[in-house]
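1. here is a sequence with its predicted model. Questions after.
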Amino acid sequence: RVVFSNPEAERILGRPLAEAPDWRAYTASFGALHPDGRTLTADEYPLARAVLRGERVDHEALMHRRDGEALVHLEVSAAPIRDAAGRVELAIATFQDVTARARAEQALRRAQRLEAMGQLTGGVAHDFNNLLMVASGNLQLLARRTSDEVLLRFARGALEALRRG
């Protein structure tokens with residue numbers, strides 16, 4: 001059961017924690033998602049791992065879907081508290097809302113992808129322009145050195161296509 005929660009934890013999670021008489025029932029209905037998008041089972045949930053397995057969880061990424069709201073990105077830490085016999089009797093957990101940071105990181109990754117795409121296309125355009133210039137120079141030389149009207153017409157047509165390219 002939840003022994004104590006502060007108002008900020010309830011605000012972040014979007015519901016009062018005291019309503020959950022049993023933490024297993026609460027974590028099963030928690031709406032927790034792994035960062036890859038799959039739903040966590042109650043035993044995978046960081047607080048459950050601290051209580052059931054006695055694991056310490058530090059700054060683990062977790063997503064939470066508030067009732068009827070968008071996803072909230074959380075960073076969860078949990079530590080088991082043991083009694084004199086070494087059994088886990090409590091666990092302390094902290095939830096930090098890192099949604100703004102996660103969105104900023106996503107925007108940065110998108111901007112970096114766009115920048116890389118721009119550099120790639122700029123490089124391809126530069127290389128293509130160099131190839132066009134070689135073909136254009138050779139066609140201009142051909143046009144100057146020939147008096148054959150058929151060849152001149154082909155060369156002028158090719159030069160016009162190169163100019164458009």
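-> Now that the structure is in, tell me what you want to look at.

2. check which helix or strand the residue most central in space within the chain maps to.
-> Centrality entry for the chain: nearest residue to the mean C-alpha point is Q106, 4.8 Å, by C-alpha atoms, centre = their mean. Using DSSP states H and E, Q106 falls within helix 99-145.

3. ok, then the element right after that helix?
-> In N-to-C order, the element after helix 99-145 by DSSP H and E is helix 149-164.

4. give me the neighbour count for F95.
-> 22 (other C-beta atoms under 10 Å). C-beta coordinates here come from the backbone N, C-alpha and C atoms, glycine included.

5. kindly state the beta-bridge partners for it.
-> Under the criterion DSSP bridges, F95 forms beta bridges with V76.

6. roughly how far does it sit from V76?
-> Separation of F95 from V76 (C-beta to C-beta, to the nearest Å): 6 Å.

7. so A78 touches V57, yeah?
-> Yes. Between A78 and V57 there is a contact under C-beta atoms under 8 Å: 4.4 Å.

8. between the two, what contacts are shared?
-> Common neighbours of A78 and V57 (criterion: C-beta atoms under 8 Å, 6 or more residues apart in numbering): 46, 49-50.

9. of those, buried ones?
-> Buried residues within the shared contacts of A78 and V57, defined by neighbour count using 16 or more other C-beta atoms under 10 Å: 46, 49-50.
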